[in-house]
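>>> give the three-dimensional model of this entry:
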Amino acid sequence: MHRLITAPFRPLTYTRWLHLCVPMLLVAVWMFIEDEVPWAPALIIAPFGLVPWMRTAEGLQAQFLLTPYDRGAEESAISARASKRWSDRWRTVLWLEIRLGVAFAAMFATVWLPAFSVELLTTALGYPIHGDVMLPVVPPPWLAAVLTPLPLLVTVFLMGELITAIAIRLLGPSSVERLSVLEERTERLLERTRIARELHDTIGHALTVAVVQAGAARAAGDPAFTERALSAIEETGRTALEDLDRVLSVLRDSGPRPSQRPTLADADRLLDSTRASGAQVHARLSGPLDTLPGPVTREAYRILQEALTNVLRHCGPVPVDVSVAMTDRQLALEVSNPLPEGQGSPGGGSGSGLRGIQERAALLGGSADSGPHRGRWRVRARLPLST
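Residues are numbered from 1 along each chain as shown. Here you go, the predicted model:
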């Protein structure tokens, strides 16, 4: 009831009325050419509904005039995509026929009702219109003035609601389109998650190395050690900036990438950066790592980077054992370090880094786990080579 009362003050009421009037242009032109076959326009428009792009045109028009509040939304109630299946084409044909019928009824009502309103008002004022139509009851002038526009407004409002409901039913997204939208949204979410992990691993590692190096240089008080620490901070920062520029270029979706994502072939640089922070890294890398599949070698690098970052962040420069072994079927990666006194888990905080390691491994169909093992903290990942 509230919507009906406020309908005269809402622009949506008049845009829907305009939508109802558009099909009558075809009827008007046809009646000017041939007025003895008024139902011919219904046959003329039927084949156009089978054209795929007709659904786009009708969907855009319906979005602009019937549901402007929903236009541009990812899950719009009315679709503006071309028909891809015959079921969508037949729904478009049915929509065109029903739209023409509803428009004809609306135009008849909006022409007849004003004429009736004029007769009602003039008769109430004492100026009866001579003709065949006679009013059974003549209301007072004030009541006639109130009732004159009411039937017209109610008709326009109800016709607008009706045509909108039909448009949502016949021009709404099909099950295939809903699935396509869901897949696109899932891909965007996965891309966001991947970029978030990239930023977390790259920037987190660089800041951790910088903090550890700066603290060690201050405590050492040795100019030579300070020089080495500054060099390590500079190299790590330069690498982080390069990775950040690459990730931002993906977000902007413009321009070539400044460099490819690092792989296990760059593991020596990562291990040297950790050693420069004061940690004693004992690494055992076996197998033809340069022949690893692209996704495996890239994700393995990030897993190794996050594991080493956790060691520096939560345990400091402690001895670290790194093992990377490649077999015919999988890549096995393991990082272990002594547990700090009074701390059960070097993961610390919310554990987002360890959770990211598990997510990376799971995306490749592998597995990853972390936890205490024989008095040490161990991060282990198994990545299948067939992805």
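
>>> pop the domain breakdown of this protein in here.
Using automatic domain parsing, the domain parsing of the chain gives 2-173, 179-384.

>>> centre of the chain versus the first one, how much separation?
The one in question is domain 2-173. The chain centroid and the centroid of domain 2-173 are separated by 34 Å under Cα atoms, centre = their mean, to the nearest Å.

>>> do the last one as well
Here domain 179-384 is found 29 Å from its chain centre; the criterion is Cα atoms, centre = their mean.

>>> coming back round to it: is it possible to export the domains of the chain to JSON lines including mean neighbour count and mean pLDDT?
C-beta coordinates here come from the backbone N, C-alpha and C atoms, glycine included. Listed next are the domains of the chain as JSON lines, based on neighbours: other Cβ atoms under 10 Å; pLDDT from 0 to 100:
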{"stretch": "domain 2-173", "mean neighbour count": "15", "mean pLDDT": "80"}
{"stretch": "domain 179-384", "mean neighbour count": "17", "mean pLDDT": "78"}
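
>>> residue 319 versus the residue lying closest to residue 225 once chain neighbours are set aside, what's the distance?
Distances taken as Cβ to Cβ, 6 or more residues apart in numbering put residue 217 closest to residue 225, at 6.1 Å, once the chain neighbours are dropped. Taking Cβ to Cβ, to the nearest Å as the measure, residue 217 falls 21 Å from residue 319.

>>> and the helices in the stretch 51-200 of the chain?
Residue ranges of the helices in the stretch 51-200 of the chain, as given by DSSP state H, counting those that start in this stretch, are 52-65, 86-124, 141-147, 150-171, 175-220.

>>> measure the nearest residue to residue 297 once chain neighbours are set aside to residue 269 for me?
Spatial nearest neighbour of residue 297, chain neighbours left out: residue 263 (4.1 Å); criterion: Cβ to Cβ, 6+ apart. Distance of residue 263 to residue 269, given as Cβ to Cβ: 11 Å.

>>> ok so, going back, contact partners for the residue nearest to residue 225?
225, 226, 229, 230 (Cβ atoms under 8 Å, 6 or more residues apart in numbering).

>>> my guess is the third one contacts residue 211, does it?
No. Using Cβ atoms under 8 Å as the test, residue 229 is too far from residue 211 to be in contact (11.0 Å).

>>> just the angle between the helix or strand encompassing residue 304 and helix 175-220, please?
Assigned by DSSP states H and E, residue 304 falls within helix 294-314. For helix 294-314 against helix 175-220, the angle by axes from the mean of the first three to the mean of the last three Cα atoms, to 10 degrees is 40 degrees.

>>> what's helix 294-314 packed up against?
Using 3 or more Cβ pairs under 8 Å, 6 or more residues apart in numbering; DSSP states H and E, the elements in contact with helix 294-314 are helix 175-220, helix 267-276, strand 320-326, strand 330-338, helix 352-363, strand 376-384.

>>> correct me, but residue 94 touches residue 170?
Yes. With contact defined as Cβ under 8 Å, residue 94 reaches residue 170; the gap is 6.0 Å.

>>> element containing residue 285?
Per DSSP H and E: strand 281-286 holds residue 285.

>>> pairing partners for that strand, with directions?
strand 320-326 (parallel) (DSSP bridges).

>>> contacting residues around stretch 273-292?
So stretch 273-292 is contacted by 205, 209, 212-213, 216, 228-229, 231-232, 235-236, 239, 263-265, 267, 271, 297, 300, 308, 311-312, 316-327, 331, 385 (Cβ under 8 Å, 6+ apart).

>>> of the contacts of residue 217, closest to residue 47?
The shortest approach to residue 47 among the contacts of residue 217 belongs to residue 230, at 76.6 Å (Cβ to Cβ).

>>> contacting residues around that closest one?
213, 217.

>>> in what helix or strand does it lie?
helix 223-252.

>>> that helix to helix 175-220, inter-axis angle?
170 degrees.

>>> helix 223-252 to helix 267-276, inter-axis angle?
130 degrees.

>>> next one: the nearest residue to residue 174 once chain neighbours are set aside from residue 197, what distance?
Closest residue in space to residue 174, ignoring its immediate chain neighbours: residue 88 at 5.8 Å, by Cβ to Cβ, 6+ apart. Remark: distance between residue 88 and residue 197 (Cβ to Cβ) = 39 Å.

>>> again, but for residue 114
Counting by Cβ to Cβ, the gap from residue 114 to residue 197 is 65 Å.

>>> quick check: residue 40 touching residue 34?
Yes. Residue 40 is in contact with residue 34 according to Cβ under 8 Å; the separation is 6.9 Å.

>>> where's the closest residue to residue 30 other than its chain neighbours relative to residue 222, distance?
In this structure, residue 30 finds its nearest non-sequential neighbour in residue 41, 5.1 Å apart by Cβ to Cβ, 6+ apart. Distance of residue 41 to residue 222, computed by Cβ to Cβ: 93 Å.

>>> next one: residue 209
In terms of Cβ to Cβ, residue 209 sits 19 Å off from residue 222.

>>> leaving out sequence neighbours, find the closest residue to residue 46.
In space, residue 46 comes closest to residue 93 once its chain neighbours are excluded; the distance is 5.6 Å by Cβ to Cβ, 6+ apart.

>>> I meant to write residue 154 there.
residue 4 (7.0 Å).

>>> give the helix, strand or coil label for the one you found.
helix (DSSP: H, G, I helix; E, B strand; the rest coil).

>>> does it touch residue 157 like I think?
Yes. Residue 4 lies in contact with residue 157 (Cβ under 8 Å); the separation is 5.8 Å.
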